[in-house]
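[1] Mind folding the following:
(one chain, ligands or ions: 1)
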Amino acid sequence: MTEPIIRLEHVIKRYDETEVLKGIDIELEQGKFYTLLGPSGCGKTTILRIIAGFEDATEGNVRFNGDRINDLSANKRQVNTVFQNYALFPHMNVHDNVSFGLRPQKTFSKQEINEKVTQALNSVRLKGFADRQISELSGGQQQRVAIARAIVMNPKILLLDEPLSALDAKLRRDMQYELRDLQQRLGITFLFVTHDQEEALAMSDEIFVMNDGRVLQSGSPVDIYDEPINHFVADFIGESNILNGTMVKDYEVAFVGKTFECADAGMRPNEPVEIVLRPEDLDITTIDAGKLTVTIDSQLFRGDYYEIVATDADHNEWLVHATNPSEEGQRVGLTFDPYDIHVMRLHESEADFDARLEKYEDAEETQS
Ligand SMILES: Nc1ncnc2c1ncn2[C@@H]1O[C@H](COP(=O)(O)OP(=O)(O)OP(=O)(O)O)[C@@H](O)[C@H]1O
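    Here you go, the predicted structure:
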C-alpha cells in the first residue's frame with residue numbers, strides 16, 4: 001500500500017491545561033476529498049492549523065508521505081489553506097492577489113507567473129478577471145480568487161476552513177458542485193472543514209465526524225449515514241429517531257415494549273443498545289399492517305415529502321417522512337424493514353465497531 005500523503009499519529013493539542021485535541025489519528029490519501037465535520041469548538045480548525053504548520057502538536061506525529069514534519073516551517077510544507085474570510089488584500093487587483101505567494105520565490109519569470117495566474121483563474125472560472133479590483137467582486141467571486149491564490153502554488157494538499165459559510169444558500173450549493181469538480185480535475189487532496197452535515201455528505205469521499213477533540217467515526221458518507229457508531233453521530237448526521245432498546249439475541253432486538261427482527265448480530269444476549277430509525281425509512285400504513293401504532297400530532301409539507309410527528313402509546317415521539325399527507329389526530333400503523341433498524345452499542349470504539357461490522361459482513365457472505 002502507498003503511504004498516505006498525510007498521517008496524524010495520536011496528535012494531542014493542549015492550550016495551558018485545556019486539551020482541545022485528545023489523540024487524533026487520521027490518514028489522508030492522495031487525490032481524495034476529506035471533510036472534518038463537527039460542532040463549533042470541537043477542534044476542526046486546530047487540526048488544519050497543525051497540518052499547515054501554523055500551530056505545533058503538543059504530542060504525536062504529523063507525517064507527510066511518511067516523513068515526520070512536526071518541525072518543518074509552514075512555508076516549506078506543500079500545503080495551502082483557504083480561509084473562511086478569504087483573507088484577500090482589498091487594495092490589490094485579482095492578479096496581484098493570486099500571484100502574491102509566487103513572487104517571493106523568485107524562481108519564476110514574469111511571463112511564467114502570468115501563465116500560472118491565468119491557469120488558476122481559468123480553473124475557478126474567473127477567466128478575464130485578472131485586472132478587477134477585489135471590491136468589484138461578489139462574495140462568490142472573492143471566494144474563487146481565494147481558491148485560485150491557493151492552487152496557484154501547486155500544493156499537494158488544499159485545506160479549506162469553512163470556505164462557503166459566508167455565501168447565501170443558492171451560491172453555496174453551486175460552489176459545492178464547483179469545489180468537488182475542481183478537486184477531481186486537479187487530483188489533489190482536499191481537507192475541508194464544515195459543521196454542515198448536508199455539505200459534508202454531498203461533497204466528501206470520506207468524512208471524519210468529530211466531537212470534543214476526538215474523531216468519533218470516519219467513513220464514506222453512505223457508511224456514516226447508514227451505520228452511525230453512536231447517538232451523537234446518528235443525531236448529528238441527518239434526522240433520526242433514537243430509542244433505548246435491548247439486543248435480545250442475534251437478529252432480534254426489543255424496543256418500545258416489542259421485539260423486532262433486525263439485521264444485527266454479534267452482541268451479548270440482552271445487551272442494552274440504542275436504536276436508530278431514519279424518518280425516511282418509516283412508512284405509514286393501516287393499524288393492522290403496522291408494527292407499531294401511533295397518533296399523528298402534526299405535519300409540515302416540505303416540498304418533496306411530508307414531515308410528520310407522531311406519538312406512540314409510550315409517549316415516544318416519531319419523526320416520519322411520508323410521500324402522502326395524513327390527518328392530525330388520526331391513529332395509524334408504522335412499519336419498517338428489519339435492515340432499516342440500526343443497532344448501536346453503548347460506548348463502542350470505532351475499532352470495535354469496524355471489527356463487528358466485518359464479522360457481520362463475513363457472516364452475510366457465508367450465508368448467501
Ligand atoms: N490559541 C488558543 N488558545 C486557547 N484555546 C484555543 C486557542 N485556539 C483554539 N482554542 C480552543 O480550542 C478549541 C477548538 O477550537 P477550533 O477552532 O479548532 O474549533 P472548531 O471546531 O474549528 O470550531 P468552529 O467551527 O467554531 O471554528 C476551542 O474550544 C477553542 O476555544
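
[2] quick one: pLDDT of residue 194?
    Residue 194 carries a pLDDT value of 93.

[3] who are the neighbours in contact with it?
    35, 36, 37, 162, 164, 165, 200 (CB atoms under 8 Å, 6 or more residues apart in numbering). C-beta coordinates here come from the backbone N, C-alpha and C atoms, glycine included.

[4] Output the set of residues of the protein in proximity to the ligand.
    For the chain, the residues in contact with the ligand (CB under 6 Å from any ligand atom) are 15, 20, 38, 40, 41, 42, 43, 44, 45, 46, 195.

[5] Could you pull up phi and psi at the fifth one?
    Spelled out, it's residue 41. Main-chain dihedrals, residue 41, degrees, to the nearest 10: phi 90, psi 0.

[6] Where strands are concerned, which of the contacts of residue 194 count?
    35, 36, 37 (DSSP state E).

[7] okay, the residues you listed in TSV with pLDDT next?
    Formatted as TSV, the ones in strands among the contacts of residue 194 follow (pLDDT from 0 to 100):
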residue	pLDDT
35	97
36	97
37	96
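
[8] In a markdown table: these, plus neighbour count.
    Listed next are the ones in strands among the contacts of residue 194 as a markdown table, based on neighbours: other CB atoms under 10 Å:
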| residue | neighbour count |
| --- | --- |
| 35 | 26 |
| 36 | 29 |
| 37 | 29 |
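
[9] Can you list the buried residues in stretch 130-149?
    Residues of stretch 130-149 classed as buried: 130, 134, 137, 140-149 (neighbour count, 16 or more other CB atoms under 10 Å).

[10] Sort the residues you listed by pLDDT and name the bottom one.
    Here the lowest pLDDT out of these sits on residue 140, with 84.

[11] mind checking the SS state of that residue?
    With DSSP: H, G, I helix; E, B strand; the rest coil as the basis, the three-state label of residue 140 is helix.

[12] list the contacts for it?
    By CB under 8 Å, 6+ apart, residue 140 lies in contact with 167, 171, 174, 175.

[13] Report the two of the residues you listed separated the most.
    Within the contacts of residue 140, 167 and 174 form the most distant pair, 8.6 Å apart (CB to CB).

[14] Can you give me the distance of the residue nearest to residue 26 when sequence neighbours are not counted to residue 213?
    Nearest residue to residue 26 in three dimensions, chain neighbours excluded: residue 8, at 5.0 Å (CB to CB, 6 or more residues apart in numbering). Relative to residue 213, residue 8 is positioned 13 Å away (CB to CB, to the nearest Å).

[15] intersection of neighbour lists for those two?
    Each of residue 24 lies in contact with both residue 8 and residue 213 under the rule CB under 8 Å, 6+ apart.

[16] got a list of what residue 310 touches?
    Applying CB under 8 Å, 6+ apart to residue 310 gives the contacts 294, 295, 296, 297, 317, 318, 320, 332, 334.

[17] what's the distance between it and the ligand?
    Between residue 310 and the ligand the computed distance is 34 Å (CB to the nearest ligand atom, to the nearest Å).

[18] And for residue 70?
    Distance from residue 70 to the ligand, by CB to the nearest ligand atom: 18 Å.

[19] Let me know whether that residue touches residue 56 as I believe.
    Yes: here residue 70 reaches residue 56: they are 7.0 Å apart, a contact under CB atoms under 8 Å.

[20] Nothing else from me, thank you.
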